[in-house]
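Chemist: fold the following.
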Amino acid sequence: MSVLYRLKRACQAMVRASREKDAPLEGWGLYCRLVNTRSCSMGDSARAGRPPQTSAPGEIPEIPECIRLLGVSREQWRERCKVWGGGFDLGDVQENLELLEKWGLTSKGRKRVVLSSSAVLSDSKRALERKLEWLEEVLGLSRREVVKVVRTFPRYLQDSTYQRITNFLSDFSDENHYRDDVARMVVDTPKVLGLHRNFDELFGYCNRRFGYTKAQFMAGVMKHPPLLKCDIRGSIEPKLDYFEKELRLTTAQILSILVTHPETFEVPVKEDIQPQIDNFFRIGLDWESARRVIGGAPLLLFRDFEETVERKIMWLEDRLNFRRYTAIQALVKHPRIFPSSLHTWEGTCDFFLWAGMNKIELRHFMRRCPKFLAHKPESLKAKYKFAREVLQRDWREILRSNRFFSYSLEDRIMFRTALMARKGKDITRPSFRDVFDPSNVTFGSRFRPGEVEAFSQTWQTMSFGEKLHSIKANAYPGQWE
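Modeler: As a prediction, the model looks like this:
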């Protein structure tokens, strides 16, 4: 019989004696220091004179009433105690369960916490409350969101996990990510909190192989948190080898895929990716063209090929009278338009017909600029309306200016028009190419130093209606007051 075992039996005898005499339990703290375990700590209530509920080696303590009322069976309690392996203070347990109830956890949620985390048995009320408050104060989660996180991932409340997680999430804030984005990631996928161990290893591998920066990697994690579940040898390395050696994609193309579609790491090569590559060959693309399409629109690897590619090629042939070769070339040169919906394509064609083009002009226009098919009709119509009503341009001039529709309405078209109107310049005469095509540096050189920057700050604080009114008031005095 070991010394520690005899000491523990002696301490238990002291516990029984203290219950009869209501005396403080001095021997229990001595034993806990000797075995160097926090699990035997009596907590605040034990220090106040309440005996902890303990068990000798091989014994399972009786299930407390407060835990039994949650629906925890004796079998579940026995398994929990075997995993926990330590004593607990009944007063602390009751206070912790009351705290979780106060925060909004239902009895079902509290039962899940008890069975999945040792925090209810080991922590004091204040320690447990501090972990809940961290989610609320640091990440800015609401009480309801905190409850969702704890219910979905109870292991967050354990001391060791909590410490690693707080350090892990601090990496995101250090890289200038918004707190709201991090909070949204945690709320949407609480189990990401349990994947922190894979972060450094996975990032280091991607950084060494393809120059994946930490900011890019963390952006990928925030876009697709299950990325952290991926195994390097079993999941990531085979895909990167396939992209690099089989498809012969460049490093820049592979990096583009990883940055824009981090879910690529989870897609099986043989079952999902290779059949999609074979589909591109089936419609007539060669290796070089297929690589161009995949590098330009990696999302096509994960969409239904018939719906996303074949149906739209047929639509180009039927609606716009494209030849098969012309439709295929539109896929190769502008693959990014194909993930957008046919409803958007239809709406765009309807807009240009409404604006004044006939069907022949529309066909020639889309052969030159098929990228406009993916533009939202509402955005195109707003720019056209501004050019017609404010800039007072003829519809033919507007439709001939292909690049005009690719610019941002508020940040480029209206902003530059407002600058010219403030200076008293005629906004109806200069060509679109002269006003909107030059770079920001070239356009800003037409004004005094600092004038554009000062006006930009004011512009950002104005609503759309205020911006439009200021342009009209400056360009047409007396008509829009």
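
Chemist: so K131 is in contact with R155, correct?
Modeler: No. K131 lies out of contact with R155 (Cβ atoms under 8 Å); the separation is 11.4 Å. C-beta here means a position set from N, CA and C on the backbone, and glycine is covered the same way.

Chemist: give me the common contacts of these two.
Modeler: Taking Cβ atoms under 8 Å, 6 or more residues apart in numbering as the criterion, K131 and R155 do not both touch any residue.

Chemist: low-confidence bits of the stretch 101-250 of the chain, can you list those?
Modeler: Residues of the stretch 101-250 of the chain meeting the criterion pLDDT under 70: 159-199, 215, 222, 225-229.

Chemist: so where do the helices sit in it?
Modeler: 107-116, 119-122, 125-137, 143-152, 159-174, 179-188, 199-210, 214-223, 237-241 (DSSP state H, counting those that start in this stretch).

Chemist: burial check on the residue nearest to S401 when sequence neighbours are not counted, number of neighbours?
Modeler: Using Cβ to Cβ, 6 or more residues apart in numbering and skipping residues adjacent in sequence, the residue nearest S401 is F432, 4.2 Å away. By the criterion of other Cβ atoms under 10 Å, F432 has 19 neighbours.

Chemist: F432 and R393, how far apart?
Modeler: Distance, F432 to R393, by Cβ to Cβ, to the nearest Å: 8 Å.

Chemist: what do you get for F280?
Modeler: Counting by Cβ to Cβ, the gap from F280 to R393 is 42 Å.

Chemist: ok, now E263?
Modeler: E263 sits 44 Å away from R393, going by Cβ to Cβ.

Chemist: the more surrounded of these two?
Modeler: R393 (20 against 16).

Chemist: now stretch 423-439, how far from the chain's geometric center?
Modeler: Counting by Cα atoms, centre = their mean, to the nearest Å, stretch 423-439 is centred 40 Å from the centre of its parent chain.

Chemist: so who does the residue nearest to S401 touch?
Modeler: When contacts are counted by Cβ under 8 Å, 6+ apart, F432 touches 393, 397-398, 401, 403-404.

Chemist: shaky segments in the stretch 301-450 of the chain?
Modeler: Checking the stretch 301-450 of the chain against pLDDT under 70 turns up nothing.

Chemist: which residues in it form helices?
Modeler: All helices of the stretch 301-450 of the chain, identified by DSSP H, counting those that start in this stretch, fall at 305, 311-319, 324-333, 342-355, 359-368, 377-389, 395-400, 415-422, 432-436, 440-444.

Chemist: pick the most deeply packed of those helices.
Modeler: With neighbours taken as mean count of other Cβ atoms under 10 Å, the helices of the stretch 301-450 of the chain reach their highest mean count in helix 415-422, at a mean of 20.

Chemist: could you give the angle of it to helix 377-389?
Modeler: 20 degrees (axes from the mean of the first three to the mean of the last three Cα atoms, to 10 degrees).

Chemist: what residues are up against R393?
Modeler: 387, 428, 432.

Chemist: for L135, same thing?
Modeler: With contacts defined as Cβ under 8 Å, 6+ apart, L135 is in contact with 141, 145-146, 149, 186.

Chemist: do S456 as well
Modeler: Here S456 is in contact with F415 (Cβ under 8 Å, 6+ apart).

Chemist: helix, strand, or coil at it?
Modeler: In three-state terms, and counting by DSSP: H, G, I helix; E, B strand; the rest coil, S456 is helix.

Chemist: please shift the residue numbers so they start at 39 in all later answers.
Modeler: Happy to do that; since the first residue is 39 now, the last one works out to S494.

Chemist: from G488, how far off is it?
Modeler: For S494, the distance to G488 - Cβ to Cβ - is 10 Å.

Chemist: now do R434
Modeler: 39 Å.

Chemist: next one: P99
Modeler: 74 Å.

Chemist: how about I270?
Modeler: 51 Å.

Chemist: neighbour count: the two, which is higher?
Modeler: Shown here are I270 and G488; by other Cβ under 10 Å, I270 has more neighbours (16 against 9).
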